[in-house]
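Q: sequence isn't available, so here's the structure alone:
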(Lines give C-alpha, C1' and ligand atoms only; values in the text may rest on other atoms or scores of the structure.)
Protein backbone atom coordinates (compact mmCIF):
# COMPACT_ATOMS: atom_id res chain seq x y z
CA UNK A 1 0.00 0.00 0.00
CA UNK A 2 1.28 3.45 -0.83
CA UNK A 3 0.14 6.82 0.52
CA UNK A 4 -2.21 7.26 -2.44
CA UNK A 5 -4.31 4.39 -1.03
CA UNK A 6 -4.72 6.00 2.41
CA UNK A 7 -7.46 8.50 3.21
CA UNK A 8 -6.58 11.23 5.69
CA UNK A 9 -9.06 13.50 7.43
CA UNK A 10 -8.91 16.51 9.71
CA UNK A 11 -10.69 15.34 12.87
CA UNK A 12 -10.86 18.85 14.34
CA UNK A 13 -12.79 20.06 11.30
CA UNK A 14 -14.96 16.98 10.83
CA UNK A 15 -15.95 16.66 14.50
CA UNK A 16 -16.24 20.39 15.13
CA UNK A 17 -19.21 21.13 17.38
CA UNK A 18 -21.97 23.41 16.18
CA UNK A 19 -21.94 26.65 18.22
CA UNK A 20 -25.73 26.78 17.71
CA UNK A 21 -26.42 23.25 18.99
CA UNK A 22 -29.66 22.92 20.94
CA UNK A 23 -29.36 21.15 24.30
CA UNK A 24 -32.42 19.62 25.97
CA UNK A 25 -32.40 17.87 29.34
CA UNK A 26 -35.46 16.06 30.67
CA UNK A 27 -36.47 13.10 32.80
CA UNK A 28 -37.77 9.78 31.50
CA UNK A 29 -39.05 9.20 35.03
CA UNK A 30 -39.16 11.62 37.95
CA UNK A 31 -35.48 11.11 38.65
CA UNK A 32 -33.76 9.63 35.57
CA UNK A 33 -32.53 12.39 33.22
CA UNK A 34 -31.42 12.06 29.61
CA UNK A 35 -29.72 14.59 27.31
CA UNK A 36 -30.68 15.38 23.72
CA UNK A 37 -28.53 17.69 21.61
CA UNK A 38 -29.90 18.67 18.20
CA UNK A 39 -27.56 19.85 15.43
CA UNK A 40 -24.56 18.75 17.46
CA UNK A 41 -21.98 18.83 14.65
CA UNK A 42 -21.16 21.78 12.44
CA UNK A 43 -20.29 19.44 9.54
CA UNK A 44 -22.54 16.36 9.97
CA UNK A 45 -22.24 15.31 6.33
CA UNK A 46 -18.48 14.92 6.85
CA UNK A 47 -19.08 12.77 9.95
CA UNK A 48 -21.48 10.59 7.98
CA UNK A 49 -18.92 10.24 5.20
CA UNK A 50 -16.29 9.04 7.67
CA UNK A 51 -18.81 6.54 9.09
CA UNK A 52 -19.53 5.10 5.67
CA UNK A 53 -15.84 4.86 4.77
CA UNK A 54 -14.35 3.46 7.97
CA UNK A 55 -13.00 -0.04 7.25
CA UNK A 56 -14.88 -2.82 9.04
CA UNK A 57 -13.57 -6.35 9.65
CA UNK A 58 -15.50 -9.20 8.04
CA UNK A 59 -15.51 -11.13 11.30
CA UNK A 60 -16.68 -8.89 14.11
CA UNK A 61 -17.71 -9.39 17.73
CA UNK A 62 -20.72 -7.17 17.10
CA UNK A 63 -23.74 -8.17 15.05
CA UNK A 64 -23.72 -4.71 13.51
CA UNK A 65 -20.93 -3.89 11.10
CA UNK A 66 -18.89 -1.64 13.37
CA UNK A 67 -15.94 0.46 12.35
CA UNK A 68 -13.88 1.59 15.33
CA UNK A 69 -11.74 4.67 15.78
CA UNK A 70 -9.70 5.54 18.85
CA UNK A 71 -8.81 9.14 18.01
CA UNK A 72 -12.23 10.77 18.34
CA UNK A 73 -11.36 14.37 19.20
CA UNK A 74 -7.92 15.72 18.50
CA UNK A 75 -9.71 18.86 19.63
CA UNK A 76 -9.87 18.45 23.41
CA UNK A 77 -12.07 21.54 23.67
CA UNK A 78 -14.88 19.75 21.85
CA UNK A 79 -14.63 16.64 24.02
CA UNK A 80 -14.54 18.70 27.20
CA UNK A 81 -17.53 20.77 26.12
CA UNK A 82 -19.68 17.71 25.55
CA UNK A 83 -18.38 15.98 28.66
CA UNK A 84 -19.35 18.91 30.89
CA UNK A 85 -22.82 19.13 29.35
CA UNK A 86 -23.44 15.41 29.85
CA UNK A 87 -22.03 15.16 33.38
CA UNK A 88 -24.13 18.10 34.58
CA UNK A 89 -27.23 17.20 32.57
CA UNK A 90 -27.28 13.59 33.79
CA UNK A 91 -26.58 14.70 37.39
CA UNK A 92 -23.36 12.74 37.54
CA UNK A 93 -21.38 15.68 38.94
CA UNK A 94 -22.05 14.57 42.53
CA UNK A 95 -20.69 11.08 41.76
CA UNK A 96 -17.44 12.17 40.11
CA UNK A 97 -14.43 14.08 41.44
CA UNK A 98 -14.87 17.82 41.02
CA UNK A 99 -13.73 19.05 37.64
CA UNK A 100 -13.39 15.56 36.14
CA UNK A 101 -13.69 15.40 32.35
CA UNK A 102 -14.74 12.14 30.73
CA UNK A 103 -13.29 11.03 27.43
CA UNK A 104 -13.81 8.23 24.95
CA UNK A 105 -10.81 6.20 26.00
CA UNK A 106 -12.88 3.01 26.02
CA UNK A 107 -14.39 3.12 22.52
CA UNK A 108 -15.52 5.42 19.79
CA UNK A 109 -17.26 3.63 16.96
CA UNK A 110 -19.44 3.90 13.91
CA UNK A 111 -22.25 1.38 13.51
CA UNK A 112 -23.57 0.52 10.10
CA UNK A 113 -26.36 -2.05 10.46
CA UNK A 114 -26.89 -4.17 7.37
CA UNK A 115 -30.38 -5.48 6.49
CA UNK A 116 -29.14 -9.01 5.79
CA UNK A 117 -27.93 -9.20 9.41
CA UNK A 118 -31.02 -7.57 10.91
CA UNK A 119 -34.18 -8.78 9.14
CA UNK A 120 -37.53 -7.15 9.80
CA UNK A 121 -39.35 -8.37 11.73
CA UNK A 122 -36.60 -9.89 13.87
CA UNK A 123 -36.52 -13.68 13.98
CA UNK A 124 -36.75 -13.68 17.77
CA UNK A 125 -37.40 -11.38 20.70
CA UNK A 126 -34.23 -10.08 22.31
CA UNK A 127 -34.37 -8.01 25.51
CA UNK A 128 -32.86 -4.59 26.14
CA UNK A 129 -29.35 -4.46 27.61
CA UNK A 130 -27.08 -2.22 29.66
CA UNK A 131 -23.47 -1.15 29.02
CA UNK A 132 -20.41 -0.81 31.23
CA UNK A 133 -19.13 2.68 30.39
CA UNK A 134 -20.18 5.70 32.49
CA UNK A 135 -22.28 7.35 29.75
CA UNK A 136 -23.51 6.05 26.39
CA UNK A 137 -24.12 8.51 23.53
CA UNK A 138 -25.41 8.04 20.00
CA UNK A 139 -25.24 10.46 17.11
CA UNK A 140 -27.83 9.54 14.47
CA UNK A 141 -26.58 9.82 10.90
CA UNK A 142 -29.57 8.61 8.85
CA UNK A 143 -31.29 11.40 6.93
CA UNK A 144 -35.05 11.90 6.88
CA UNK A 145 -35.62 10.09 3.58
CA UNK A 146 -33.80 7.06 5.03
CA UNK A 147 -36.31 6.66 7.87
CA UNK A 148 -34.20 7.35 10.99
CA UNK A 149 -34.37 4.80 13.81
CA UNK A 150 -33.90 5.94 17.39
CA UNK A 151 -33.14 4.29 20.72
CA UNK A 152 -35.57 3.01 23.35
CA UNK A 153 -35.06 3.16 27.12
CA UNK A 154 -36.84 0.53 29.20
CA UNK A 155 -37.95 -0.57 32.62
CA UNK A 156 -37.98 -4.25 33.58
CA UNK A 157 -41.57 -4.66 34.81
CA UNK A 158 -41.29 -7.56 37.33
CA UNK A 159 -38.32 -6.04 39.20
CA UNK A 160 -38.97 -2.36 38.54
CA UNK A 161 -35.34 -2.06 37.46
CA UNK A 162 -34.40 0.72 35.00
CA UNK A 163 -30.64 0.72 35.52
CA UNK A 164 -28.52 -2.42 35.85
CA UNK A 165 -25.32 -0.96 37.32
CA UNK A 166 -22.15 -2.18 35.64
CA UNK A 167 -19.88 0.53 36.98
CA UNK A 168 -19.22 1.96 40.44
CA UNK A 169 -20.52 5.31 39.21
CA UNK A 170 -23.81 3.74 38.04
CA UNK A 171 -24.28 2.15 41.43
CA UNK A 172 -23.75 5.40 43.35
CA UNK A 173 -25.81 7.41 40.85
CA UNK A 174 -28.90 5.21 40.85
CA UNK A 175 -29.02 5.02 44.66
CA UNK A 176 -28.75 8.81 44.73
CA UNK A 177 -31.39 9.39 42.06
CA UNK A 178 -33.85 6.82 43.40
CA UNK A 179 -33.12 7.80 47.01
CA UNK A 180 -32.62 4.18 48.06
CA UNK A 181 -29.96 2.39 50.05
CA UNK A 182 -27.50 0.05 48.34
CA UNK A 183 -29.22 -2.85 50.09
CA UNK A 184 -32.61 -1.86 48.66
CA UNK A 185 -31.22 -1.59 45.17
CA UNK A 186 -29.47 -4.94 45.42
CA UNK A 187 -32.87 -6.46 46.22
CA UNK A 188 -34.16 -5.16 42.86
CA UNK A 189 -31.13 -6.58 41.08
CA UNK A 190 -31.63 -9.98 42.72
CA UNK A 191 -35.30 -9.94 41.70
CA UNK A 192 -34.35 -9.07 38.11
CA UNK A 193 -31.86 -11.93 38.03
CA UNK A 194 -34.56 -14.33 39.19
CA UNK A 195 -37.45 -13.10 37.05
CA UNK A 196 -35.87 -12.25 33.69
CA UNK A 197 -37.11 -14.72 31.07
CA UNK A 198 -35.21 -17.99 31.23
CA UNK A 199 -35.33 -18.31 27.44
CA UNK A 200 -33.41 -15.05 27.16
CA UNK A 201 -30.64 -15.89 29.62
CA UNK A 202 -27.04 -16.04 28.48
CA UNK A 203 -25.39 -19.40 27.88
CA UNK A 204 -23.95 -19.37 31.42
CA UNK A 205 -27.43 -18.86 32.93
CA UNK A 206 -26.99 -15.19 33.79
CA UNK A 207 -29.57 -12.55 32.74
CA UNK A 208 -28.99 -10.70 29.46
CA UNK A 209 -28.21 -7.31 31.01
CA UNK A 210 -25.09 -7.12 28.88
CA UNK A 211 -26.20 -8.56 25.57
CA UNK A 212 -23.82 -8.99 22.67
CA UNK A 213 -23.78 -10.33 19.16
CA UNK A 214 -27.31 -10.86 17.84
CA UNK A 215 -28.69 -10.08 21.30
CA UNK A 216 -28.50 -6.35 20.74
CA UNK A 217 -31.88 -5.34 19.39
CA UNK A 218 -35.47 -5.62 20.49
CA UNK A 219 -38.16 -7.51 18.62
CA UNK A 220 -41.74 -8.11 19.75
CA UNK A 221 -42.47 -7.03 23.32
CA UNK A 222 -43.16 -9.95 25.65
CA UNK A 223 -44.73 -7.75 28.31
CA UNK A 224 -41.62 -8.09 30.45
CA UNK A 225 -40.44 -4.61 29.51
CA UNK A 226 -42.01 -1.13 29.55
CA UNK A 227 -40.83 1.39 26.98
CA UNK A 228 -40.13 4.61 28.91
CA UNK A 229 -38.72 6.76 26.12
CA UNK A 230 -37.98 6.60 22.42
CA UNK A 231 -35.54 9.03 20.80
CA UNK A 232 -36.46 10.19 17.32
CA UNK A 233 -33.14 9.36 15.66
CA UNK A 234 -33.15 12.75 13.90
CA UNK A 235 -30.14 13.46 11.69
CA UNK A 236 -27.23 15.03 13.59
CA UNK A 237 -28.94 14.50 16.96
CA UNK A 238 -26.91 13.27 19.95
CA UNK A 239 -28.80 11.23 22.56
CA UNK A 240 -27.14 10.35 25.88
CA UNK A 241 -28.01 8.42 29.04
CA UNK A 242 -26.28 6.72 31.94
CA UNK A 243 -24.94 3.62 30.21
CA UNK A 244 -26.36 1.15 32.73
CA UNK A 245 -29.89 2.12 31.70
CA UNK A 246 -31.67 -0.70 29.83
CA UNK A 247 -31.77 0.30 26.16
CA UNK A 248 -32.10 -1.02 22.64
CA UNK A 249 -32.18 0.30 19.08
CA UNK A 250 -35.77 0.40 17.90
CA UNK A 251 -36.18 -1.52 14.67
CA UNK A 252 -39.96 -1.69 14.51
CA UNK A 253 -39.84 0.26 11.27
CA UNK A 254 -40.48 -1.88 8.17
CA UNK A 255 -37.82 0.08 6.26
CA UNK A 256 -35.20 -1.73 8.30
CA UNK A 257 -35.65 -4.90 6.29
CA UNK A 258 -35.38 -3.30 2.86
CA UNK A 259 -32.41 -4.27 0.73
CA UNK A 260 -31.07 -0.73 0.36
CA UNK A 261 -31.38 0.39 3.99
CA UNK A 262 -28.56 0.84 6.49
CA UNK A 263 -28.90 2.23 9.99
CA UNK A 264 -25.96 4.58 10.45
CA UNK A 265 -24.91 6.06 13.77
CA UNK A 266 -21.94 7.05 15.84
CA UNK A 267 -21.56 5.48 19.29
CA UNK A 268 -19.49 7.09 22.05
CA UNK A 269 -18.84 5.25 25.31
CA UNK A 270 -17.70 7.97 27.70
CA UNK A 271 -15.20 6.81 30.28
CA UNK A 272 -12.31 7.96 32.39
CA UNK A 273 -9.25 5.78 32.40
CA UNK A 274 -8.78 6.57 36.10
CA UNK A 275 -12.21 5.33 37.18
CA UNK A 276 -12.85 1.71 38.29
CA UNK A 277 -15.36 -0.32 36.31
CA UNK A 278 -16.27 -3.25 38.54
CA UNK A 279 -19.54 -2.36 40.21
CA UNK A 280 -20.45 -4.21 43.44
CA UNK A 281 -23.75 -5.05 41.76
CA UNK A 282 -22.05 -7.25 39.19
CA UNK A 283 -21.86 -10.09 41.68
CA UNK A 284 -25.62 -10.27 42.09
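A: The structure has been received and is ready for your questions. Note that the structure is a prediction, hence the values are computed from the model and not measured.
Q: every contact and neighbour count from this point should use C-alpha atoms.
A: OK.
Q: the strands in the stretch 101-250 of the chain, which residues?
A: 103-113, 135-140, 151-156, 225-230, 237-242, 247-249 (DSSP state E, counting those that start in this stretch).
Q: give me the buried positions along stretch 89-103.
A: 89-93, 96, 101-103 (16 or more other CA atoms under 10 Å).
Q: then stretch 172-190?
A: When neighbours are counted by 16+ other CA under 10 Å, the buried residues of stretch 172-190 are found to be 172-176, 185-186, 188-189.
Q: and for stretch 156-163?
A: Here stretch 156-163 shows 156-157, 159, 161-163 as buried, counting by 16+ other CA under 10 Å.
Q: can you list contacts of that stretch?
A: Contact partners of stretch 156-163, identified using CA atoms under 8 Å, 6 or more residues apart in numbering, comprise 130, 154-155, 170, 174, 188-189, 191-192, 195, 223-226, 244-246.
Q: swap in 6 Å and give it another go.
A: 155, 188, 191-192, 224-225, 244-246 (CA atoms under 6 Å, 6 or more residues apart in numbering).
Q: shaky segments in this structure?
A: 1-6, 57-65, 69-75, 104-108, 113-126, 196-223, 251-260, 273-284 (pLDDT under 70).
Q: please enumerate the helices of it.
A: 11-14, 44-53, 76-89, 168-178, 182-195 (DSSP state H).
Q: who does the shortest one touch, helix- and strand-wise?
A: Contacts defined by 3 or more CA pairs under 6 Å, 6 or more residues apart in numbering; DSSP states H and E place helix 11-14 against no helix or strand at all.
Q: quick check: buried residues in that helix?
A: 11, 13-14.
Q: over to the third one?
A: Taking 16+ other CA under 10 Å as the basis for neighbour counts, the residues of helix 76-89 that come out buried are 78-80, 82-84, 86-87, 89.
Q: run the angle between that helix and strand 135-140 for me.
A: 120 degrees (axes from the mean of the first three to the mean of the last three CA atoms, to 10 degrees).
Q: tilt between helix 76-89 and strand 237-242?
A: Going by the same axes, to 10 degrees, helix 76-89 is angled at 50 degrees with respect to strand 237-242.
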